[in-house]
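K.L.:
Structure here, sequence nowhere to be found:
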């Protein structure tokens, strides 16, 4: 089940309509940041963007996303022993996080474009897994004017 994060968006929209006398398509560019809900183990999210469009107006959407904020909680290092020099080091391991997929399509219930986002986070050894707390997104929507 995906988590709706529509309330945590900061969105900007631009609409480009080509000049001419014939009905043509318009390009709607939506960019912004989406804050992720980390209180659930679920890492599938969705949010709605852009203007209200009918099914006949919506033609296509192309989306991309990138990390905007990563957070890694690390345990405190033990104090250095008396007279020691150098570094105590940290527990080894590989951490990773990825945006597995992003997709944008018309939502017939809201008559808006719905963006679906799937992320993964993993850890190795004793090191904590990084958490993606915010993603940046860009969605290009082609619609009939």
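P.N.:
Good, I have the coordinates. Quick caveat, the model's predicted, so the values are computed rather than measured.
K.L.:
how about the strands in the chain?
P.N.:
Assigned by DSSP state E, the chain shows strands spanning 3-4, 9-16, 25-35, 44-49, 58-71, 96-107, 112-122, 131-144.
K.L.:
so which of those strands comes closest to residue 81?
P.N.:
strand 58-71 (30.6 Å; Cβ to Cβ). Just so you know, the C-beta spots here come from the backbone N, C-alpha and C atoms, and that holds for glycine as well.
K.L.:
can you give me the angle the closest one makes with strand 131-144?
P.N.:
Computed by axes from the mean of the first three to the mean of the last three Cα atoms, to 10 degrees, the angle separating strand 58-71 from strand 131-144 equals 160 degrees.
K.L.:
Let me know the angle separating strand 58-71 from strand 96-107.
P.N.:
Using the same axes, to 10 degrees: strand 58-71 against strand 96-107 is 150 degrees.
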